[in-house]
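Peer 1: no FASTA, just this:
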């Protein structure tokens with residue numbers, strides 16, 4: 001009974017109930033959406049962001065976003081990004097930002113020319129505002145989050161609270177998924193991405209957030225489990241998220257989560273003493289064995305189809321022509337647009353129109369890198385270089401942010417297969433910019449743990 005009195009366990013149970021409620025009474029999802037935003041804003045204002053409350057609420061929003069979308073609770077399609085931007089702006093009003101964050105003001109400035117160009121280049125029957133907002137909201141959310149987080153000092157204990165905030169809505173998501181498709185065997189028929197095992201929502205985005213969940217609960221298990229009971233709970237949740245992520249049949253999110261774990265273990269191994277290294281070695285072996293177990297169970301539940309999916313085969317075992325689910329065509333078209341318009345690009349939102357006109361394919365970009373190249377030209381490449389190298393340089397100077405490389409990898413890999421449809425890559429990227437201080441005690445009153 002002592003273990004059940006821990007706040008973390010209570011919070012997990014509450015989010016199990018939330019997952020159940022939004023499945024049984026979908027309208028509750030809209031109430032949940034409003035509650036998150038209103039409570040979050042009041043929470044930040046009441047505390048005047050003294051303990052980086054905006055990070056807690058933004059973390060909560062970005063993992064809740066997928067649940068809100070799959071249950072039609074998101075009042076606005078870009079609710080996650082707008083909420084994070086408002087929280088971050090409020091945090092900047094209360095807490096300011098580093099003068100050295102000017103690099104991200106340059107990032108913003110370099111986005112402007114292509115936005116102006118799009119006003120004149122988009123087709124006359126296109127909703128210009130919607131076309132621009134759809135493509136630019138992700139980079140703007142990232143930029144504001146980066147300005148807030150750049151070299152912001154935060155204790156490691158507080159960072160663990162942010163990780164806990166990320167974890168909670170993930171529990172609601174996985175509960176909803178089990179209720180939506182309790183029997184995987186009954187809904188898996190082929191090797192394409194599976195909407196039934198993804199809660200009826202986009203498998204690519206669900207896989208992305210479940211892959212993040214694999215990493216988040218692995219981090220909880222490794223660094224935020226104060227006793228054996230919590231260790232078992234978090235370890236069990238790692239396995240659950242791994243299974244549900246695998247059976248979406250969308251590979252990107254799962255592979256990203258695995259790489260994030262590998263990077264975290266490498267950092268811990270390199271920065272630890274001999275005793276810590278031996279523990280990391282044991283964890284690696286245990287994780288490998290658990291991974292084989294989860295994969296074996298997933299293979300049984302999908303009648304071996306998951307093996308063919310990762311081997312890029314169809315249900316009959318024949319190799320598929322496309323290794324990237326058809327994304328090669330989108331990437332090639334965007335790269336050609338860059339070659340044709342190397343300075344300013346074609347303008348924000350214009351690449352979708354050009355692709356449809358030239359190939360007949362009506363599809364938005366799945367790759368943020370080639371989209372930035374196509375729509376922003378050389379200025380987009382400069383922005384991408386800013387985004388890639390800035391957190392790497394910060395990590396070299398402050399290695400106490402042990403999650404930095406994992407967070408950066410999540411951003412980089414996610415934008416390669418899911419662009420920036422979710423707020424998650426923008427916010428998770430920004431966390432890699434924090435100046436973490438491990439040896440300073442944390443004020444307990446605002447901790448979620």
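Peer 2: Nice, thanks for sending it over. Not measured: the values here are computed from a predicted model.
Peer 1: what stretches of the stretch 101-250 of the chain score poorly on pLDDT?
Peer 2: Where the stretch 101-250 of the chain drops to pLDDT under 70, the residues are 124-125.
Peer 1: Now do the strands in it.
Peer 2: For the stretch 101-250 of the chain, the strands defined by DSSP state E, counting those that start in this stretch occupy 153-155.
Peer 1: Now do the helices in the stretch 151-300 of the chain.
Peer 2: For the stretch 151-300 of the chain, the helices defined by DSSP state H, counting those that start in this stretch occupy 156-180, 203-223, 228-246, 251-271, 274-301.
Peer 1: Using a markdown table, lay out those together with mean neighbour count.
Peer 2: The way it works is simple: take the backbone N, C-alpha and C, and place the C-beta from them, glycine included. What follows is these, written out as a markdown table (neighbours: other CB atoms under 10 Å):
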| stretch | mean neighbour count |
| --- | --- |
| helix 156-180 | 23 |
| helix 203-223 | 26 |
| helix 228-246 | 20 |
| helix 251-271 | 20 |
| helix 274-301 | 13 |
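Peer 1: For residue 147, which of these is the nearest?
Peer 2: Nearest of the helices of the stretch 151-300 of the chain to residue 147, taken as CB to CB: helix 156-180 at 17.4 Å.
Peer 1: name the helices or strands packed onto that closest one?
Peer 2: For helix 156-180, the elements it packs on are helix 7-24, helix 53-70, helix 203-223, helix 228-246, strand 435-437, judged by 3 or more CB pairs under 8 Å, 6 or more residues apart in numbering; DSSP states H and E.
Peer 1: buried set for the first one?
Peer 2: Judged by neighbour count using 16 or more other CB atoms under 10 Å, the buried positions of helix 7-24 are 8, 11-12, 15, 18-23.
Peer 1: can you state the direction angle for that helix and helix 203-223?
Peer 2: 160 degrees (axes from the mean of the first three to the mean of the last three CA atoms, to 10 degrees).
Peer 1: Between helix 228-246 and helix 7-24, find me the angle.
Peer 2: 30 degrees.
Peer 1: what does helix 7-24 contact?
Peer 2: Helix 7-24 is contacted from outside by 3-4, 28-29, 32, 67, 71, 73, 164, 168-169, 171-176, 179-180, 230, 233, 448-449, using CB atoms under 8 Å, 6 or more residues apart in numbering.
Peer 1: Can you give me the buried ones in stretch 303-313?
Peer 2: Of all the residues in stretch 303-313, those buried under the rule 16+ other CB under 10 Å are 305-306, 308-309.
Peer 1: wait, which of the helices and strands packed on helix 156-180 is closest to residue 272?
Peer 2: Minimum separation from residue 272 across these (CB to CB) falls at helix 203-223, 11.9 Å.
Peer 1: Distance from the chain centre to that closest one, please.
Peer 2: Mean-position distance between helix 203-223 and its chain equals 9 Å (CA atoms, centre = their mean, to the nearest Å).
Peer 1: do the same with stretch 247-259
Peer 2: The chain centroid and the centroid of stretch 247-259 are separated by 12 Å under CA atoms, centre = their mean.
Peer 1: again, but for stretch 9-28
Peer 2: The answer for stretch 9-28 is 21 Å, by CA atoms, centre = their mean.
Peer 1: what's the average pLDDT for that stretch?
Peer 2: When pLDDT is averaged over stretch 9-28, the result is 95.
Peer 1: and what of stretch 263-275?
Peer 2: Here the average pLDDT along stretch 263-275 is 89.
Peer 1: same thing with stretch 431-439?
Peer 2: The average pLDDT within stretch 431-439 is 90.
Peer 1: which outside residues touch it?
Peer 2: 55, 146, 149-156, 159, 162, 390-391, 394-395, 398, 400-405, 407-408, 411.
Peer 1: where does residue 2 land on pLDDT?
Peer 2: Residue 2 is assigned a predicted lDDT (pLDDT) of 49.
Peer 1: Residue 294 reaches residue 242, doesn't it?
Peer 2: Yes. At 4.6 Å, residue 294 counts as touching residue 242 under the criterion of CB atoms under 8 Å.
Peer 1: any residues in contact with both of the two?
Peer 2: The overlap between the contact sets of residue 294 and residue 242 (CB under 8 Å, 6+ apart) is empty.
Peer 1: ok, now how distant is residue 266 from residue 290?
Peer 2: Distance, residue 266 to residue 290, by CB to CB, to the nearest Å: 18 Å.
Peer 1: typed the wrong thing, it's residue 183
Peer 2: Taking CB to CB as the measure, residue 183 and residue 290 are separated by 23 Å.
Peer 1: repeat for residue 140
Peer 2: Separation of residue 140 from residue 290 (CB to CB): 39 Å.
Peer 1: Distance to residue 378 for the helices of the stretch 151-300 of the chain - can I get that in JSON lines?
Peer 2: Listed next are the helices of the stretch 151-300 of the chain as JSON lines, based on distance: least, CB to CB, whole Å:
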{"stretch": "helix 156-180", "distance to residue 378": "35"}
{"stretch": "helix 203-223", "distance to residue 378": "29"}
{"stretch": "helix 228-246", "distance to residue 378": "37"}
{"stretch": "helix 251-271", "distance to residue 378": "28"}
{"stretch": "helix 274-301", "distance to residue 378": "42"}
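Peer 1: what's the closest of these to residue 320?
Peer 2: Smallest distance to residue 320 across the helices of the stretch 151-300 of the chain (CB to CB): 12.3 Å, for helix 251-271.
Peer 1: what does the model give the nearest residue to residue 415 once chain neighbours are set aside for pLDDT?
Peer 2: Once flanking residues are discounted, residue 415 sits nearest to residue 368: 3.6 Å by CB to CB, 6 or more residues apart in numbering. On the pLDDT scale, residue 368 is placed at 91.
Peer 1: burial measure for residue 368, as a count.
Peer 2: Around residue 368 there are 26 other residues, counting by other CB atoms under 10 Å.
Peer 1: next one: the one 5 residues further on
Peer 2: Using other CB under 10 Å as the criterion, residue 373 is surrounded by 25 other residues.
Peer 1: can you pull the contacts of it?
Peer 2: For residue 373, the contact set (CB under 8 Å, 6+ apart) comprises 334-335, 337-338, 345, 380-381, 384.
Peer 1: Could you rerun that using 10 Å?
Peer 2: Shown in contact with residue 373 (CB atoms under 10 Å, 6 or more residues apart in numbering): 331, 334-335, 337-339, 341-342, 345, 351, 367, 379-381, 384.
Peer 1: Determine which two of the residues you listed are furthest apart.
Peer 2: It's 331 and 379 that sit farthest apart of those, by CB to CB, at 19.5 Å.
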